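Colleague: model this:
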Amino acid sequence: MTSRRQFLQPAVAGLGWMLLGGRAHAGGQLEEPLADSVRTALSSAIHNSAPPIPHFVDTDARLKYLRWLGAMSGRLLRRQPDWTERKEFLQTVWYETKRAGLDTTLVLGLIQSRARSGSSR
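Modeller: Numbers count the residues shown, from 1 in each chain. Predicted coordinates for the structure are as follows:
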C-alpha cells in the first residue's frame, strides 16, 4: 500500500519544476499612448496638490477632528512654523489614515520616528 506522502512527493516535485523550471516569454511590448482624458486627469491631480477637505456625518465627528487637528498642530509648531503647511500635512495624514483604516496616532508616530532617524525609506 502506498502512503499519501509517497504519492504526493512526485506531484509536488513536478509542480515545482513547472513553476520554476519553465521560461516565460512576455512577447513584444509597446508603450501605449495615454488617452487625452487620462493625461488631463493626471495633470490636474499633480497641479492640484491641496489635501482633501474632510466631510463629516455629524457634529461630534467634526468636533473630534478639530480637537485632534488643534492638538497635533500645537505639537508640530516647532518643526513646522507655517500654519498652512502644518494644516495641510495633518489633513493629508488624517485623510489617508482614515481611508486606509489605520490608527492616525500610530502613523504620526511612525512619521516622527522616521524624521528623527533621517531615513527616507
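
Colleague: alpha carbons only for contacts and neighbour counts from here, please
Modeller: Noted.

Colleague: neighbours around L69, how many?
Modeller: 17 (other C-alpha atoms under 10 Å).

Colleague: Quick one: residues contacting it.
Modeller: Listed by C-alpha atoms under 8 Å, 6 or more residues apart in numbering, the contact set of L69 reads K87, L90, Q91.

Colleague: quick one, phi/psi of it?
Modeller: The phi and psi values for L69, taken as degrees, to the nearest 10, are phi -60, psi -40.

Colleague: Kindly provide the distance from it to Y95.
Modeller: 12 Å (C-alpha to C-alpha, to the nearest Å).

Colleague: ok so, going back, which ones among the contacts of L69 are found in helices?
Modeller: K87, L90, Q91 (DSSP state H).

Colleague: for the protein, what spans make up the helices?
Modeller: 4-21, 36-47, 59-76, 83-100, 104-117.

Colleague: gap between the shortest one and the chain center?
Modeller: Per C-alpha atoms, centre = their mean, to the nearest Å, the displacement of helix 36-47 from the mean C-alpha position of its chain is 20 Å.

Colleague: What helices and strands are in contact with that helix?
Modeller: If you count contacts as 3 or more C-alpha pairs under 8 Å, 6 or more residues apart in numbering; DSSP states H and E, helix 36-47 packs onto no helix or strand.

Colleague: Look at the nearest residue to R62 once chain neighbours are set aside and say how many residues are nearby.
Modeller: Nearest residue to R62 in three dimensions, chain neighbours excluded: F56, at 5.8 Å (C-alpha to C-alpha, 6 or more residues apart in numbering). Residues near F56, counting by other C-alpha under 10 Å, number 11.

Colleague: State the distance from F56 to Y95.
Modeller: 12 Å.

Colleague: go on, S113?
Modeller: Using C-alpha to C-alpha, we find S113 at a distance of 20 Å from Y95.

Colleague: if you count what's nearby, which of the two comes out ahead?
Modeller: Y95 (18 against 12).
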